[in-house]
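Visitor: When you get a sec, could you give me coordinates for this:
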Amino acid sequence: METSKKITVKWNGTEYVINDLQNSDTLQILKARIYEETGVRPDRQKLLNLKCKDDEQTIEKLNMKPGFKIMMMGSREEDIAEASKAPENMKEVINDLDTEQEEEVELENMEVHLDKIKKRIETYKVEVLNPPRENKKLLVLDIDYTLFDHRSVASSGIELMRPYLHEFLTRAYKHYDIVIWSATSMKWINEKMKLLGVTDNPNYKIAFHLDCQAMISVYSKERGLIDVKPLGVIWGKFPAYSPRNTIMFDDIRKNFIMNPGSGLKIKAFREAHLNRDKDTELLKLAHYLEQIADVDDFQTLDHRKWQDYKKK
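Guide: Residues are numbered from 1 along each chain as shown. Model prediction:
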């Protein structure tokens, strides 16, 4: 029987102990567990004193001696957003995304990335919770800052749930099979879905969960090395889904950089104690999903303009 081990990570002057790791777990899983403890996403983590940089490498092969501490650099998304805020009196600047879109198309079609997706299709095991339904489209959802404010403090986890979550999922389920995909570990995903009352909700069902191990790393000229969620992994395993009938919600655009036409960047849900009484994003998105449910090919849509969409 494989014994569990713990690893200490030092970041910003604080030590975080990551428990219950197995020797067979990969560096990718370790990064996901570090994310759960610190809030620093895997692609922003710089593990300074680890020789291995391959996310597929197992913890056993890292040869860490007892008492070894991993030194980490990296910033949380909310800290980056705060530091990036423009002065209040600054004039509005229109952002031209042409260059960014060209890079996304290039990344989407690079053979090295397609090979990584093929490997995930062949090796990643999906536990189907509820089988796909005939003639349903697919909705892929992130968790952190999309459905749940995972960094704020509250007396109960339910207080950190995004408003109207269950109404949103109930309305979406009429037309879409629903998949949860988080850049964290499967254990964390399962726990959060139970906490939020999603797992056994009588009004809708989740098809399956995907965790960090279904993601791949790509090199972007604009962003450097990043971990992303390629929808091709789902399409390869479940041929009924494709770019024609799939939409993905995530609060971070780079997560769907491999499938830019299928992604919709959702407004991040942070500071739940201040925003839970006024956040209506999920109600608006439920309406959008209902409006486009009869569209034959989602590739004809521009999800960046979802708020202006009018059903023909």
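
Visitor: now the helices for the stretch 151-300 of the chain?
Guide: Assigned by DSSP state H, counting those that start in this stretch, the stretch 151-300 of the chain shows helices spanning 165-173, 186-195, 232-237, 272-275, 281-292.

Visitor: what's the next secondary structure element after the worst-scoring helix or strand of the chain on mean pLDDT?
Guide: Every helix and strand of the chain was ranked by mean pLDDT, DSSP states H and E. The lowest is helix 98-108, at a mean of 49. As assigned by DSSP states H and E, the chain's next helix or strand after helix 98-108 is helix 111-123.

Visitor: who does the helix or strand just after that next one pair up with?
Guide: Per DSSP H and E, the first helix or strand lying C-terminal to helix 111-123 is strand 137-141. Looking at strand 137-141 with DSSP bridges, its partner strands are strand 176-181 (parallel), strand 246-250 (parallel).

Visitor: mind putting these in JSON lines, mean neighbour count and mean pLDDT included?
Guide: Quick note: C-beta positions are derived from backbone N, CA and C, even for glycine. Formatted as JSON lines, the strands paired with strand 137-141 follow (neighbours: other Cβ atoms under 10 Å; pLDDT from 0 to 100):
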{"stretch": "strand 176-181", "mean neighbour count": "23", "mean pLDDT": "98"}
{"stretch": "strand 246-250", "mean neighbour count": "25", "mean pLDDT": "98"}
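
Visitor: The ones you listed: which one's closest to residue 274?
Guide: Of all the strands paired with strand 137-141, it is strand 246-250 that lies closest to residue 274, at 22.0 Å by Cβ to Cβ.

Visitor: Other residues contacting the closest one?
Guide: Contact partners of strand 246-250, identified using Cβ atoms under 8 Å, 6 or more residues apart in numbering, comprise 137-142, 146, 176, 181, 229, 231, 234-235, 255-256, 259, 262-266, 285, 289, 292, 298, 303.

Visitor: buried stuff in stretch 222-235?
Guide: Residues 226, 227, 228, 229, 230, 231, 232, 233, 234, 235 are the ones in stretch 222-235 that count as buried (16 or more other Cβ atoms under 10 Å).
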